[in-house]
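**Student:** quick one, what's the 3D model for this:
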Amino acid sequence: MGDLNARTGSKDNDTIVGKYGEQITNTNGQRLVDLCHGLSLKIMNGFFPHKNIHKFTWTQPTRKLSSIIDYIIMKQRSRINNLDVRVYRGSECGSDHHLVVTRLEINYRRKISRGEDEGNNYTLVERKYNLDSFRDESTQFLYKLRLATKLQQVQKEQSARELYNEIKTCIHEAAEEALGRKRKLQRNSEWWTKQVEEVVREKKRAYHHWLSTKKDEDRKIYVELNRKAKRQVERSKNERWEKTCEEVEIKKALKESKNKKAAGPGDIPIELIKNAPEILLELIKELFNKCIHGDQVPEDWNLGYISSIYKKGDKKLCQNYRDITVISAMGRL
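**Tutor:** As a prediction, this is how the structure comes out:
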């Protein structure tokens, strides 16, 4: 994907260039087609029918020029299905190039093996809670109340693994009820206030209006609103930074543990333990004592998620990678 300044044209029954592209070609375009032919690639822009305003990726209104020079390129044989490629003019970023968006269908299922001796697999399902809501004291109180109520029913007279599984279940249930799941499209930036949202929305309306009219006076209105939006964003960021500096108070309990780190096996983020009531710490202490006195440690503590991180050099050589193992957050305590 990229701006290649190449115009590849259109062809019928071709494996590289589709029939829905533009009619003009240039030298860079022919070079790109030859490169794709040698690497068994295909240029996806021309394989989907759209209006011209949704095909041309670059426009020059003053000279009335338009062309397709930004491309989505994929392997000809791939497990990833490309469902569509089109241009969206409404997304503005101060460029004469328009946003090119592709829709992909990826059949992805991640499995982690427990080991050859056990001979079974399980699917890793990560639960992401809305941990940012812990900044609200009422949410902290609700989480502690729900968790304390559930933990009071936990029986200490059981094995370490059974005790751990009960504690884990209580934590997840309390987090689900008090925090809820984190939305995929949730805006986490704390500086994004209602004032910022309103001025950005007003700027976008002006931009869309200018796209439809192409009048100089409408463009001036958009430029002025764009400057206003940038000033508002900068002001909001500075205010949030000053407030954050004033709120720096570090709790002594679990001070060494860092937030927003991978939870590891068990899927319990360290924030859920830091904000828990005292009864959870008492049960964790009981759990640790059972393990120290010879009881079997919880199964999650024996697992680790291993990821290979590329360092430098030839990517085909194993020595150019380093491994990172993520263990259970509770087990790290």
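**Student:** make it CA atoms for all contacts and neighbour counts henceforth
**Tutor:** Noted.
**Student:** which residues of the chain fall in helices?
**Tutor:** Ranges of helices in the chain, per DSSP state H, are 27-39, 137-151, 160-178, 194-213, 216-246, 270-274, 278-292, 329-332.
**Student:** avg pLDDT for the shortest one?
**Tutor:** Within the predicted structure, the mean pLDDT of helix 329-332 is 77.
**Student:** same check on the longest one?
**Tutor:** Taken as a whole, helix 216-246 carries a mean pLDDT of 83.
**Student:** what does stretch 10-28 give?
**Tutor:** Rounded mean pLDDT across stretch 10-28 is 89.
**Student:** in it, which residues are buried?
**Tutor:** 10, 11, 15, 16, 17, 18, 19, 20, 21, 22 (16 or more other C-alpha atoms under 10 Å).
**Student:** any chance of those in a markdown table, plus distance to residue 93?
**Tutor:** Shown next, in a markdown table, are the buried residues of stretch 10-28 (distance: C-alpha to C-alpha, whole Å):
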| residue | distance to residue 93 |
| --- | --- |
| 10 | 29 |
| 11 | 32 |
| 15 | 33 |
| 16 | 30 |
| 17 | 29 |
| 18 | 29 |
| 19 | 30 |
| 20 | 27 |
| 21 | 25 |
| 22 | 25 |
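**Student:** among those residues, which two are most distant?
**Tutor:** Across those, no pair lies farther apart than 15 and 22, at 16.3 Å, counting by C-alpha to C-alpha.
**Student:** quick one: buried residues of stretch 164-181?
**Tutor:** By neighbour count on 16+ other C-alpha under 10 Å, the buried set for stretch 164-181 is 164, 166-167, 169-176, 178-179.
**Student:** likewise for stretch 315-323?
**Tutor:** Residues of stretch 315-323 classed as buried under the neighbour-count rule (16+ other C-alpha under 10 Å) are residue 321.
**Student:** repeat for stretch 132-141
**Tutor:** By 16+ other C-alpha under 10 Å, the buried positions in stretch 132-141 come out as 134, 139, 140, 141.
**Student:** same question, stretch 152-162
**Tutor:** Buried positions in stretch 152-162, judged by neighbour count with 16+ other C-alpha under 10 Å: 160, 161, 162.
**Student:** I'd say the second one and residue 300 touch.
**Tutor:** No. The criterion here is C-alpha atoms under 8 Å, and residue 161 misses it with residue 300 at 9.0 Å.
**Student:** of the buried residues of stretch 152-162, which is the nearest to residue 40?
**Tutor:** Taking C-alpha to C-alpha as the measure, residue 40 sits nearest to residue 161 out of those, at 52.7 Å.
**Student:** can you add distance to residue 331 and give the buried residues of stretch 132-141 back as TSV?
**Tutor:** Formatted as TSV, the buried residues of stretch 132-141 follow (distance: C-alpha to C-alpha, whole Å):
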residue	distance to residue 331
134	22
139	26
140	23
141	25
